[in-house]
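A.B. asks: could you work out the structure for the sequence below:
(2 chains)
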Amino acid sequence: QQPVQSPQAVILREGEDAVINCSSSKALYSVHWYRQKHGEAPVFLMILLKGGEQKGHDKISASFNEKKQQSSLYLTASQLSYSGTYFCGTVGSSNTGKLIFGQGTTLQVKP
Amino acid sequence: DAGVIQSPRHEVTEMGQEVTLRCKPISGHDYLFWYRQTMMRGLELLIYFNNNVPIDDSGMPEDRFSAKMPNASFSTLKIQPSEPRDSAVYFCASSYGRNTEAFFGQGTRLTVV
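C.D. replies: Purely as a prediction, here's the structure:
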């Protein structure tokens, strides 16, 4: 079953912050975040394993609440280059490697 | 490495025709995934392989779809017969192990008329 992302779309001004949420109805082993620019392939951002860790690089970070089966992606001081569609992917608690994605959140950053 | 290579990049075919999409994963990767992307459904997992063996094909829409991985460096996704509702972008991705970065190919844009 696909994870559910919210919101479906976000429009920001440069420098503003955004949060994208991902939630699953099943227990998870890991959460993966990808960004896709229009007409391109999805590109990896980060993976979070169960344990409630938080990861980040530059001004993009994420958290994973294993008990709630939820993850959030935080984009701080957004830049024009952050525009695109963000996908969360999940691997279930049985850790078979089956990676399924949500429907995506479209982020548009305006000058 | 050249990354995951998919061919063709674009395919236009008539309803009822057979379509074969091809994927060459990154050398040494043991997981291979086929996804279909549409506006309505986002990225849907169709099937995935581990060490050339299909592990889960529950996402394959119906019997018209089939996938094979005859060796570690090649996989195909076949649709026979094709229908207009199969129009989508099909991505192949590969990874080394579980819970690691999946590298996506550039996708095949399929249009069935």
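A.B. asks: which residues sit in contact with residue 43?
C.D. replies: Using chain A. A:Val43 makes contacts with A:34-37, B:104, as judged by C-beta atoms under 8 Å, 6 or more residues apart in numbering or on different chains. For the C-beta atoms, the positions are set from N, CA and C on the backbone; glycine is no exception.
A.B. asks: wrong one, chain B
C.D. replies: Applying C-beta under 8 Å, 6+ apart to B:Leu43 gives the contacts A:42, A:87, A:89, A:101, A:104, B:35-37, B:91.
A.B. asks: and those, which is closest to B:Gly28?
C.D. replies: B:Gly28 lies nearest to B:Phe91 out of the contacts of B:Leu43, by C-beta to C-beta, at 19.8 Å.
A.B. asks: please tell me how far the most centrally placed residue in chain B sits from chain A.
C.D. replies: Closest to where the C-alpha atoms of chain B average out (C-alpha atoms, centre = their mean) is B:Trp34, at 3.4 Å. According to C-beta to the nearest C-beta, to the nearest Å, B:Trp34 and chain A sit 12 Å apart.
A.B. asks: hmm, back to that, show me which of the contacts of A:Val43 are buried.
C.D. replies: Buried members of the contacts of A:Val43, counted by 16 or more other C-beta atoms under 10 Å in any protein chain shown: A:34-36, B:104.
A.B. asks: would TSV of the contacts of A:Val43 with pLDDT be doable?
C.D. replies: Below are the contacts of A:Val43 laid out as TSV (pLDDT from 0 to 100):
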residue	pLDDT
A:Tyr34	97
A:Arg35	97
A:Gln36	97
A:Lys37	97
B:Phe104	98
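A.B. asks: narrow the residues you listed to those in helices?
C.D. replies: Judged by DSSP state H, the contacts of A:Val43 include no members of helices.
A.B. asks: need those in JSON lines (columns: distance to B:Leu43).
C.D. replies: Listed next are these as JSON lines, based on distance: C-beta to C-beta, whole Å:
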{"residue": "A:Tyr34", "distance to B:Leu43": "9"}
{"residue": "A:Arg35", "distance to B:Leu43": "12"}
{"residue": "A:Gln36", "distance to B:Leu43": "9"}
{"residue": "A:Lys37", "distance to B:Leu43": "14"}
{"residue": "B:Phe104", "distance to B:Leu43": "10"}
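A.B. asks: hang on, the earlier thing: tell me who's in contact with the nearest residue to the residue nearest to the centre of chain B once chain neighbours are set aside.
C.D. replies: Using C-beta to C-beta, 6 or more residues apart in numbering or on different chains and skipping the chain neighbours, the partner closest in space to B:Trp34 is B:Leu46 (4.4 Å). Going by C-beta under 8 Å, 6+ apart, B:Leu46 touches B:34-36, B:57, B:59-61, B:65, B:67, B:77.
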